[in-house]
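S.K.: Give the three-dimensional model of this entry:
(one chain, ligands or ions: 2)
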Amino acid sequence: AFVVAEPCIKCKYTDCVEVCPVDCFHEGPNFLVIDPDECIDCTLCEPECPVTAIFREEELPEKWEHYTELNADLSQDWPVITEQKDPPPDADEWAEVEEKYEHLER
Ligand code: SF4
Ligand code: F3S
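M.R.: Ligands and ions are numbered 1, 2, ... in the order given. Predicted coordinates for the structure are as follows:
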């Protein structure tokens, strides 16, 4: 499956959700996740993310390994999102910030 990693936190541009043929993106307050049981590895979402937050599970940078479990867990709790929406007003300011895990809202 594909995994959404740290760069998405507080950016949430949602360009990724429209291309997913199986609607497996789920939306939280300031982050998105992919349901690994639904993802069919089509690869369409990966190039859509302006902050390169989406990775094939096998290619996930080691520092973000825990995002695999996070996507699996949070996708069970959060609702599906299929339509793009406006990002948070300060999304561009957070795009370059590297350590954002502490800002993840559940
Ligand atoms: Fe959806 Fe395809 Fe991305 Fe998986 S790889 S989340 S199926 S768009
Ligand atoms: Fe997040 Fe990138 Fe999608 S910032 S919402 S993974 S387009």
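
S.K.: show me what contacts Val17?
M.R.: Taking Cβ atoms under 8 Å, 6 or more residues apart in numbering as the criterion, Val17 is in contact with Phe25, Leu32, Cys45, Ile81, Thr82, Glu83, Gln84. (Glycine included, C-beta is placed from N, CA and C.)

S.K.: can you pull up the bridge partners for the closest residue to it other than its chain neighbours?
M.R.: In space, and not counting its chain neighbours, Val17 is closest to Phe25: 4.5 Å by Cβ to Cβ, 6 or more residues apart in numbering. Phe25 forms beta bridges with Ile34, as assigned by DSSP bridges.

S.K.: What count of nearby residues applies to Phe25?
M.R.: Neighbour count of Phe25, defined by other Cβ atoms under 10 Å: 28.

S.K.: Ile40 too?
M.R.: As a burial measure, Ile40 scores 12 neighbours (other Cβ under 10 Å).

S.K.: who are the neighbours in contact with it?
M.R.: The contact partners of Ile40, taken as Cβ under 8 Å, 6+ apart, are Pro21, Val22.

S.K.: how about 7 Å then?
M.R.: Listed by Cβ atoms under 7 Å, 6 or more residues apart in numbering, the contact partners of Ile40 are Val22.

S.K.: I'd like to know which elements the longest helix anywhere in the chain is packed against.
M.R.: Of all the segments of type helix in the chain, defined by DSSP state H, the longest one is helix 67-77. Helices and strands touching helix 67-77, by 3 or more Cβ pairs under 7 Å, 6 or more residues apart in numbering; DSSP states H and E, are strand 2-4, strand 32-34.

S.K.: Counting neighbours, which bits of the helix or strand following that helix end up buried?
M.R.: Per DSSP states H and E, the first helix or strand lying C-terminal to helix 67-77 is helix 91-94. By neighbour count on 16 or more other Cβ atoms under 10 Å, the buried set for helix 91-94 is Ala91, Trp94.
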